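In: Sharing a model prediction with you, sequence too.
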Protein chains: 2
Amino acid sequence: MLTNPRSDRVRAVRALSRRAVRSRQGLFVAEGPQSVREAVSHRPDLVRGVYATPDAVVRHGDLVQAAVSVGLAVHEVSGEVLAAMVETDAPQGLLAVCRVATASLKDVLALRPRLLCVLINVRDPGNAGTVLRGADAAGADAVVISDNSVDVFGPKVVRSTAGSLFHLPVVTGLGIDEIVEQVRAAGLLLLAADGAGELLLGDVDLSGPHAWVMGNEAWGLPGEVRGRCDHVVRVPIHGRAESLNLAMAATICLYASATAQRRPQ
Amino acid sequence: MLTNPRSDRVRAVRALSRRAVRSRQGLFVAEGPQSVREAVSHRPDLVRGVYATPDAVVRHGDLVQAAVSVGLAVHEVSGEVLAAMVETDAPQGLLAVCRVATASLKDVLALRPRLLCVLINVRDPGNAGTVLRGADAAGADAVVISDNSVDVFGPKVVRSTAGSLFHLPVVTGLGIDEIVEQVRAAGLLLLAADGAGELLLGDVDLSGPHAWVMGNEAWGLPGEVRGRCDHVVRVPIHGRAESLNLAMAATICLYASATAQRRPQ
């Protein structure tokens, strides 16, 4: 059992809470049983190592067994070591160090996707992660996150995805122009989601292939992005709320798409 | 301008971050321009006083003017005083001390509501607040939060509602049994939302008056509550996500209801 919270290995894992270190090393940390479970089940190829406290080994025996059975190294660590590895208050006794793996937009588009979610300049980690989870649940083919956005491999985003980060392709690092051009060239309709949209969600034909383009939680979409989309669509507000938050609006739009695309013709 | 962060007044406001003090005093704090704006616009009768830094007075001149014009006291305070009044990192220069006002379920039901949202044993403040915001946006008539749940007047919940707390009636303090009996007696269909539900959201007739009953983010709904509802309904998961979070599931259900109830017959 690893018991030295000041060891090089512990410091190296802890350092992954910094974006610069993650991008230099190409590694990130998935914390907690849910994230580790999804990593081990869906993307064991990305997992470099699992760290678990004795308590967690007992409580999540099936998960530890699954990890070992696919050839992953599971390291038992003291509670103090696990706490020193992360910045969270409650790492729940379990984490996995994983390799960062993003998809290329070209590869995603080559598979003729029917439903994409594009996030532009999104900064709030919880919102970004929740959108990813919603996109996964709605059966989206991929999520594209523009440069100038939050790092999807940061601890708060990873936690908010509840494992969905390991379920669907995520494209990062492209500017707005490249994204819009490539998605349009692949024949997908571009739908901007915006509270000031001229079209109501219920009035848009969502049966064909399309991409939802969502903006920053505070500022919405830049005008030039809205202008380059085929339609600007709003989720109706029936009560007195000023708006929905990004994750809620995105989930409603993506579910409307999922329903329309699965409706018997 | 109030400049003493150790004054009795500052301490009294700060003490409202504790649930026991809020419930004894019947007061709570709405922080930040969005919450304060909605309080002043929609429920000035609840506002006991507005506190603003000189910066905020300039930046939110319209809001200060609106508050003064409806007869509210606006106190200018130093940044240090404002920071001492709350526990948040970023109070954004503005807060309102408000009277706690909940509705009685009898009064809510007397108005023949078409759409209610019932939260059972919900503990996560962000989730609870976001559900309230979603219920408002979907045009729900009220939100009912069972006892054993998070205090809706706590700072994190209030912030997550983004002002919706001042838009629609909120019923608190009732046990599960009372809620279920009264809602049923008023003729509303009771729909439990649960990932293990036997009915898909799209297969339920949502055109009549009904209440969505949602459980805790981690444990879902207690079996006996599911058993007392008319249907147990699940939001379909199309991808590989294990589930949606409470706020997302609630928003999708409530919007499905809003759409069904507004559809031309």
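Out: Yep, that arrived. Numbering: from 1, shown residues only, chains lettered A, B, ... in the order given.
In: Excluding residues flanking it in the chain, which one is nearest A:Gly175?
Out: A:Asp147 (5.7 Å; CB to CB, 6 or more residues apart in numbering or on different chains). In this view, the C-beta of every residue, glycine as well, is placed from N, C-alpha and C.
In: Could I get the average pLDDT for stretch A:117-127?
Out: Stretch A:117-127 shows a mean pLDDT of 95.
In: domains of chain A?
Out: A:8-99, A:105-262 (automatic domain parsing).
In: In terms of pLDDT, where does whichever residue of the stretch 151-265 of chain A sits closest to chain B sit?
Out: Residue nearest to chain B within the stretch 151-265 of chain A (CB to the nearest CB): A:His238, separated by 2.9 Å. The predicted structure scores A:His238 at 94 on the pLDDT scale.
In: okay, now it: neighbour count?
Out: A:His238 has 19 neighbours, counted by other CB atoms under 10 Å in any protein chain shown.
In: show me the contacts for the residue nearest to it when sequence neighbours are not counted.
Out: Among residues not flanking A:His238 along the chain, B:Gly139 sits closest, at 2.9 Å (CB to CB, 6+ apart). B:Gly139 is in contact with A:238-239, B:115, B:258, counting by CB atoms under 8 Å, 6 or more residues apart in numbering or on different chains.
In: So which of the residues you listed belong to strands?
Out: B:Leu115 (DSSP state E).
In: Save the contacts of B:Gly139 as a markdown table, and put in distance to B:Leu2 too.
Out: Output for the contacts of B:Gly139, formatted as a markdown table (distance: CB to CB, whole Å):
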| residue | distance to B:Leu2 |
| --- | --- |
| A:His238 | 41 |
| A:Gly239 | 36 |
| B:Leu115 | 43 |
| B:Ala258 | 44 |
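In: Would you mind checking which of the contacts of B:Gly139 is nearest to B:Val47?
Out: Nearest to B:Val47 among those, counting by CB to CB, is A:Gly239 at 20.7 Å.
In: which of the domains of chain A sits most buried?
Out: domain A:105-262 (a mean of 21; mean count of other CB atoms under 10 Å in any protein chain shown).
In: where along the stretch 1-150 of chain A do the helices fall?
Out: Under the criterion DSSP state H, counting those that start in this stretch, the stretch 1-150 of chain A contains helices at A:8-14, A:19-25, A:32-42, A:54-59, A:61-69, A:79-85, A:105-110, A:125-137.
In: Need those in TSV (columns: distance to chain B).
Out: Below are these laid out as TSV (distance: least, CB to the nearest CB, whole Å):
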stretch	distance to chain B
helix A:8-14	23
helix A:19-25	20
helix A:32-42	7
helix A:54-59	15
helix A:61-69	14
helix A:79-85	21
helix A:105-110	15
helix A:125-137	4
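In: These into CSV, with extra columns for distance to B:Ala30?
Out: Formatted as CSV, the helices of the stretch 1-150 of chain A follow (distance: least, CB to CB, whole Å):
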stretch, distance to B:Ala30
helix A:8-14, 38
helix A:19-25, 34
helix A:32-42, 32
helix A:54-59, 40
helix A:61-69, 42
helix A:79-85, 35
helix A:105-110, 43
helix A:125-137, 21
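In: report the longest helix in chain A, please.
Out: When chain A is parsed with DSSP state H, its longest helix is helix A:246-262.
In: how much does that helix deviate in direction from helix A:125-137?
Out: Per axes from the mean of the first three to the mean of the last three CA atoms, to 10 degrees, the angle that helix A:246-262 makes with helix A:125-137 is 10 degrees.
In: Just the CA coordinates for stretch A:253-265, please, in PDB.
Out: The C-alpha trace of stretch A:253-265 is given here as PDB (Å, rounded to 0.1, in the frame of the first residue of the first chain):
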ATOM      1  CA  CYS A 253     -32.800  21.000 -27.400                       C
ATOM      2  CA  LEU A 254     -30.800  17.700 -27.700                       C
ATOM      3  CA  TYR A 255     -33.800  15.700 -26.400                       C
ATOM      4  CA  ALA A 256     -36.100  17.400 -28.800                       C
ATOM      5  CA  SER A 257     -33.700  16.300 -31.600                       C
ATOM      6  CA  ALA A 258     -33.500  12.700 -30.200                       C
ATOM      7  CA  THR A 259     -37.300  12.500 -30.100                       C
ATOM      8  CA  ALA A 260     -37.700  13.900 -33.700                       C
ATOM      9  CA  GLN A 261     -35.000  11.600 -35.100                       C
ATOM     10  CA  ARG A 262     -36.400   8.500 -33.500                       C
ATOM     11  CA  ARG A 263     -40.100   9.200 -34.400                       C
ATOM     12  CA  PRO A 264     -41.600   6.600 -36.700                       C
ATOM     13  CA  GLN A 265     -41.800   8.300 -40.100                       C
END
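In: Can you name the residues in contact with it?
Out: A:114-115, A:117, A:134-135, A:137-140, A:191, A:193, A:201-202, A:205-207, A:210, A:212, A:214, A:233, A:235, B:202, B:235-236, B:238, B:252.
In: how about the strands in the stretch 101-250 of chain A?
Out: Assigned by DSSP state E, counting those that start in this stretch, the stretch 101-250 of chain A shows strands spanning A:115-119, A:142-145, A:170-172, A:189-193, A:199-200, A:210-214, A:231-234.
In: what's the fifth one packed up against?
Out: It refers to strand A:199-200. strand A:231-234 (3 or more CB pairs under 8 Å, 6 or more residues apart in numbering or on different chains; DSSP states H and E).
In: Next, see if the strand it packs on gets close to chain B.
Out: No - figure legend: strand A:231-234 not in contact with chain B (CB under 8 Å from any CB of the partner chain); closest approach 11.4 Å.
In: now the strands of the stretch 101-250 of chain A as CSV including distance to A:Glu178?
Out: As requested, the strands of the stretch 101-250 of chain A are arranged in CSV below (distance: least, CB to CB, whole Å):
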stretch, distance to A:Glu178
strand A:115-119, 11
strand A:142-145, 10
strand A:170-172, 10
strand A:189-193, 13
strand A:199-200, 26
strand A:210-214, 13
strand A:231-234, 21
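In: so which of these comes closest to A:Val13?
Out: Ranking the strands of the stretch 101-250 of chain A by proximity to A:Val13 (CB to CB) places strand A:170-172 first, at 22.0 Å.
In: Can you tell me which helices and strands the closest one packs against?
Out: strand A:142-145.
In: Excluding sequence neighbours, find me the nearest residue to A:Thr3.
Out: Nearest to A:Thr3 is A:Ser78, by CB to CB, 6+ apart, at 4.6 Å.
In: how about the one you found, what does it touch?
Out: A:1-3, A:5, A:53.
In: Quick check on A:Glu87: phi, psi?
Out: For A:Glu87, the backbone dihedrals (degrees, to the nearest 10) come out as phi -100, psi -10.
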